[in-house]
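Dropping the sequence and predicted coords here.
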Amino acid sequence: MPAEAGPTKMIRIDKAAWDAMVAHAEAKFPNECCGAMIGRIDDGSKHVSAAIPMENAYAGGQGSRYELRPEDLLAAERRARETGLDLIGIFHSHPDCDAYFSKTDLENSCPWYSFVVLSVKGGKFDHAASFLPNADQTAAEKEELIWPKS
Amino acid sequence: MAKVLIPTPLRQYADKRDSVELTGATVAEVLGALTTQYPDLRKQIYNDEGKLRSFVNVYLNDEDIRYLKKEATSVASNDTLSIVPSIAGGSTGVATPPATLSNDEILRYSRHLIMPEVGMEGQLKLKNAKVLLVGAGGLGAPLGLYLSAAGIGRIGVVDFDVVDFTNLQRQVIHGTKDVGRKKLDSASERMRDINPNVQIDRYEVALSSENALEILSGYDLVVDGTDNFPTRYLVNDACVLLKKPNVYGSIFRFEGQATVFAYPGGPCYRCLYPEPPPPGLVPSCAEGGVLGILPGLIGLVQATEAVKLILGAGDPLVGRLLLYDALAMRFRELKLRKSPECPACGDHPTITKLIDYQQFCGIPQHQPAPEPGLAQGEIDPVEVKKKIDRGDRFLLIDVREPHEYQICNIPYARLIPLGELPKRVHELDSAIEIVAHCKSGVRSAKACDFLRQAGFRKVKNMKGGIVAWSDKVDPRVPKY
């Protein structure tokens, strides 16, 4: 093994937050859901303690698209500050589709947050992955995602 | 003084502060002051042309400045400016091809990366490759495990079957706990555990002439792990039509074969076998058995060829049929040539679209299932049991092989293996009723046909064989 592999980028999600994300994703199936994740960053490792489900504001068919209202994001940022936490990630679902970071996801993302994608198949959560878009939104790096496996 | 709230991810560029008090008459002035104080923030918010980045929204208190006077919007003291990204997305659009490996991936694939034949370039080829596995059974099991581990970026799996106990002797991607689950579920769970970087596309369907071209078209190459002739011809023809290599493998008892069909310039399955064998002539693994280890070996020959094709390394197994005999522990090779007369890939192909492969292989598409009732000359195991209990005068013959008789038997039955029936037919009395059984009813049906042709009139086939006997009459009899 190489002596140095660099720090592992990782995001860990608490059970309460995770349950809220999965419930939101399954409830919105077959549409995409979206929301924000709140928590802390310690030594580069992210820890999500709360999830805020948001309304999908995309004006067209929501089966394969989502859009966050900036106002909702602003409110989430405020709520995070009030509780001494930070807004650290965005989540959305891919109904009947794997949890990859699509071209659409990448081009409409931003480099500041972790982007967690939940794959929901037949209305049930299937798997998930987290991505870190680069500054120019031309590529996204995968980040290790740890969620409670109940 | 106006206050600018700094979003969490940008605080690292602003002395870790969550808000900054600044003076300025307009949004542009306040943001100018901010980026003068913290120059590193500038390229986070502005692009190279000095415009706000496309995803950056600025809010004055609760209002988006786009709906005010944009950056010329006046700012009063006690106003709060917030920087909010606009975020959207969706599953539409293909995943972007990765141009690099993450540090985790570099560590994971280090044994590949240090070999110049693979290296970073090869590993990225593997990561960007899309491979379709047809079947998650005997051959599909080792293929799924090793292709995931090797770092193939996207693996499609076609299977609609459920794991049963008889699979576990060879289908190592499924475990005892998975019996009764969909093979797709247990296989994809195992593959994801081995390598979470792999995207797994699940197709819970029987591959058919209606869906094959659509499913196959999304992949670079196809690995055939099927166990029946109709699907094998279907996969071959679809690969020829789509010009995608078909990594072929087959297994039976102690012997296996592998080759790569439909490679540019190489032969296809129809060059080797233009027509399928008559139905029933070639027994399936369920009928003839298979050494559990064998699909491991043949499946990994296929996996090796798949990886080599993606890397463009070595000599592909094209135009060569690899034959393996486990008992002799010997590999042989037959030369295969592309046939100019081949109906699929020859000079004048007649297969220009997918056909009805069930019919082509002589198998009725929708077998009218005589499930509740019994066909002529059949008898239900329950009735056979009643006859035995009543002491009816009849003969029950078991036409299976002696080693099968050792696994389980019906004590009342006399063992006459199907192959010995012609020379032992004199043992039978045509005056008394004869009931024949085997494992599931196929061989005993042949025995009944033979006996009828030999002049026996009172002949019945025990429907469902000893498996049905175990289900309906005596659950102590093991199923195999």
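Arrived safely.

nearest residue to whichever residue of the stretch 151-300 of chain B sits closest to chain A other than its sequence neighbours?
Of all residues in the stretch 151-300 of chain B, residue B:199 sits closest to chain A, with a separation of 5.0 Å (CB to the nearest CB). Every C-beta, even on glycine, is put in place using the N, C-alpha and C of the backbone. Once flanking residues are discounted, residue B:199 sits nearest to residue B:154: 4.4 Å by CB to CB, 6 or more residues apart in numbering or on different chains.

Make sure that neighbour is actually in contact with residue B:197.
No: the pair residue B:154 / residue B:197 is not scored as a contact, 10.2 Å apart, by CB atoms under 8 Å.

check contacts around the residue nearest to residue B:199.
Residues near residue B:154 by CB atoms under 8 Å, 6 or more residues apart in numbering or on different chains: B:129, B:130, B:131, B:198, B:199, B:200, B:201, B:219.

among those residues, who's most crowded?
residue B:131 (26 neighbours; other CB atoms under 10 Å in any protein chain shown).

in the stretch 251-400 of chain B, which segments are predicted with low confidence?
Per-residue confidence for the stretch 251-400 of chain B (pLDDT under 70) gives these ranges: B:364-374.

Now do the helices in it.
B:269-272, B:285-288, B:294-311, B:357-360, B:381-390 (DSSP state H, counting those that start in this stretch).

Check which helices and strands the last one sits against.
Same thing as helix B:381-390. Under the contact definition 3 or more CB pairs under 8 Å, 6 or more residues apart in numbering or on different chains; DSSP states H and E, helix B:381-390 sits against strand B:394-398, strand B:433-437, helix B:465-472.

For the second one, the averaged confidence score.
Read it as strand B:433-437. Confidence over strand B:433-437, taken as the mean pLDDT, stands at 94.

quick revisit: same list (the contacts of residue B:154) but as CSV, adding secondary structure.
Output for the contacts of residue B:154, formatted as CSV (DSSP: H, G, I helix; E, B strand; the rest coil):
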residue, secondary structure
B:129, coil
B:130, strand
B:131, strand
B:198, coil
B:199, strand
B:200, strand
B:201, strand
B:219, coil
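
Turn the residues you listed into CSV, columns for distance to residue A:141.
As requested, those are exported to CSV (distance: CB to CB, whole Å):
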residue, distance to residue A:141
B:129, 20
B:130, 21
B:131, 23
B:198, 16
B:199, 16
B:200, 20
B:201, 22
B:219, 25
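
residue ranges of the helices in chain A, please?
Using DSSP state H, the helices of chain A run over A:15-28, A:70-82, A:103-107.

what helices or strands is the first one leaning on?
For helix A:15-28, the elements it packs on are strand A:34-42, strand A:45-54, strand A:86-95, strand A:114-121, strand A:124-133, judged by 3+ CB pairs under 8 Å, 6+ apart.

Single out the most deeply packed of those.
For the helices and strands packed on helix A:15-28, the largest average neighbour count (mean count of other CB atoms under 10 Å in any protein chain shown) is found in strand A:86-95, namely a mean of 26.

so what's the residue nearest to residue B:199 bridging to?
residue B:130, residue B:199 (DSSP bridges).

how much space between it and residue B:130?
Note on residue B:154: its distance to residue B:130, by CB to CB, to the nearest Å, is 4 Å.

Give the residues shared as contacts by these two.
residue B:219.

those strands in the stretch 51-200 of chain B, which residues are they?
B:56-60, B:63-64, B:80-85, B:88-89, B:130-134, B:154-158, B:199-203 (DSSP state E, counting those that start in this stretch).

who touches the fifth one?
Spelled out, it's strand B:130-134. B:140, B:143-144, B:147, B:152-158, B:207, B:215-216, B:218-226, B:231, B:235, B:306, B:310.

Of the residues you listed, select the buried ones using a PyMOL command.
Provided next is the PyMOL selection string for whichever of the contacts of strand B:130-134 are buried by 16 or more other CB atoms under 10 Å in any protein chain shown:
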select buried, chain B and resi 140+143+144+147+152+153+154+155+156+157+158+207+215+216+219+220+221+222+223+224+225+226+231+235+306+310
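
show me the residues around the closest residue to chain A within the stretch 351-480 of chain B that make contact.
Here the stretch 351-480 of chain B gets closest to chain A at one residue, residue B:354, 25.3 Å apart by CB to the nearest CB. For residue B:354, the contact set (CB under 8 Å, 6+ apart) comprises B:209, B:212, B:213, B:234, B:237, B:238, B:241.

Export the residues you listed to CSV and append columns for neighbour count, secondary structure and distance to chain A.
As requested, these are arranged in CSV below (neighbours: other CB atoms under 10 Å in any protein chain shown; DSSP: H, G, I helix; E, B strand; the rest coil; distance: CB to the nearest CB, whole Å):
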residue, neighbour count, secondary structure, distance to chain A
B:209, 17, coil, 24
B:212, 24, helix, 20
B:213, 14, helix, 21
B:234, 27, helix, 25
B:237, 29, helix, 28
B:238, 26, helix, 23
B:241, 20, helix, 27
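
who's in contact with residue A:85?
With the criterion set at CB under 8 Å, 6+ apart, residue A:85 makes contact with A:38, A:39, A:40, A:49, A:50.

ok, the closest residue to the fourth one other than its chain neighbours to residue B:191 distance?
What it means is residue A:49. Leaving aside its sequence neighbours, residue A:49 sits nearest to residue A:39 (CB to CB, 6+ apart; 4.6 Å). To residue B:191, residue A:39 is 30 Å away according to CB to CB.

how about the helices of chain A in a markdown table, adding mean pLDDT?
Formatted as a markdown table, those follow (pLDDT from 0 to 100):
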| stretch | mean pLDDT |
| --- | --- |
| helix A:15-28 | 95 |
| helix A:70-82 | 88 |
| helix A:103-107 | 86 |
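
Strands of the stretch 201-350 of chain B, start to end?
B:221-224, B:246-252, B:255-261, B:320-325, B:330-335.

Pick the most buried one from these.
Most buried among these, given mean count of other CB under 10 Å as the contact rule, is strand B:221-224, at a mean of 26.

Which strands and helices lie in contact with that strand?
Packed next to strand B:221-224, using 3+ CB pairs under 8 Å, 6+ apart, are strand B:130-134, helix B:229-242, strand B:246-252, helix B:294-311.
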